[in-house]
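Trainee: Quick one: sequence plus predicted model below, questions after.
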Amino acid sequence: MAFAPVHNPFAWIGTHPYAYPVLEALHIVGIAMLLGSLVLFELRVWGFGAALPIAPLARLALPLTLAGFALAATTGSLMFASQPGDLIANRVFVVKMGLVMLAGLNAASFHARGGVARIDRTARIQTLLSVGIWLAVIFCGRWIAY
């Protein structure tokens, strides 16, 4: 028995002259917001800018980090929807998604243990992991494009 091909209602995104490039640009803006705010906060955890109180800095950085993640996740999901078969088959994409999940688990662990109030060795290790994981996500994303 032959199966009819499944129509992808999002396939137009990949062929539209502006849709995919705009999504890519917004994806990068989201990544910049996410990583920029994280790096600023994480530098403070490592002792840079010690004159800045950490709690107010965290209150400023966290919403920006979450907004950046939301923008990157939304645009990334739309780009994924335009070619899901190709991306699922791409090993680097699968690694990227695993790294995003690992970054989320690391962040959840940081906040669950009261990381902002407990700037200790564990917090510093978690922030170092955070930057490393997000940089690996970015490398994987660029690798997928080529």
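Mentor: Right, received. Where do you want to start?
Trainee: need the contact list for the residue positioned nearest the centre of the chain.
Mentor: Centroid-nearest residue in the chain: Phe69, 5.3 Å away (criterion: Cα atoms, centre = their mean). Taking Cβ atoms under 8 Å, 6 or more residues apart in numbering, we find Phe69 in contact with 30, 34. To be clear about C-beta, it is placed using only N, CA and C from the backbone, and glycine gets the same treatment.
Trainee: Sticking with it, tell me its helix or strand.
Mentor: For Phe69, the host element (DSSP states H and E) is helix 54-82.
Trainee: what does Met33 give?
Mentor: Assigned by DSSP H and E, Met33 belongs to helix 19-45.
Trainee: got the buried residues for that helix?
Mentor: 19-20, 23, 26-27, 30-31, 33-35, 37-42, 44-45 (16 or more other Cβ atoms under 10 Å).
Trainee: Then stretch 121-137?
Mentor: Residues 123, 126-127, 129-130, 133-134, 136-137 are the ones in stretch 121-137 that count as buried (16+ other Cβ under 10 Å).
Trainee: In helices only, show me those residues.
Mentor: Mapping those onto helices (DSSP state H) picks out 123, 126-127, 129-130, 133-134, 136-137.
Trainee: Any regions of the chain where pLDDT drops low?
Mentor: Scanning the chain for pLDDT under 70 picks out 1-5, 146.
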